[in-house]
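J.: can't give you the sequence, but here's the structure:
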């Protein structure tokens, strides 16, 4: 007897915290597997939910849907280096002004950092700069 939970489109969208329209788009573009059945009778499994959550995770890390699609087609996606930048590539970079003349920029997806790791990195850089400044003043 198959005890795997079956979800409706509304269920899966709610669990993934995505609009239904977005879920349909991901299916249409091939990022998410097609459901069993069609129309209102379509059903989704835990695998669909895992795919949607993986997409959300990578989007929060700053990856484009194009790059996410590349990663999802690879069995060892975590070990894949960032795709080379091509002409016309749009990237979102995080920028930290530590002090006048001291700045740090990074692209979280290319650096392989989650939003939490980026915040921790920026806190550490800010603290290191403050420590260096404090040591110089005391010498």
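T.: Okay, I see it. Not measured: the values here are computed from a predicted model.
J.: the residue most central in space within the chain sits in which helix or strand?
T.: The geometric centre of the chain, computed from its C-alpha atoms, lies nearest to residue 58 (Cα atoms, centre = their mean), at 1.7 Å. Secondary structure from DSSP states H and E places residue 58 in helix 46-60.
J.: from the chain's centroid, how far away is that helix?
T.: Chain-centre distance of helix 46-60: 9 Å, with Cα atoms, centre = their mean, to the nearest Å.
J.: may I see the buried residues of the worst-scoring helix or strand of the chain on mean pLDDT?
T.: None of the helices or strands of the chain scores lower by mean pLDDT, DSSP states H and E than helix 108-111, at a mean of 78. Buried residues in helix 108-111, counted by 16 or more other Cβ atoms under 10 Å: 108, 109, 110. Quick note: C-beta positions are derived from backbone N, CA and C, even for glycine.
J.: how about stretch 100-119?
T.: So, applying 16+ other Cβ under 10 Å, buried residues of stretch 100-119: 106, 107, 108, 109, 110, 113, 118.
J.: ditto for stretch 14-22
T.: In stretch 14-22, counting by 16+ other Cβ under 10 Å, buried: 15, 16, 18.
J.: go ahead and confirm the last one touches residue 59.
T.: No. Applying Cβ atoms under 8 Å, one finds residue 18 not in contact with residue 59, separated by 10.1 Å.
J.: need the strands for the protein, in chain order.
T.: 94-99, 102-106 (DSSP state E).
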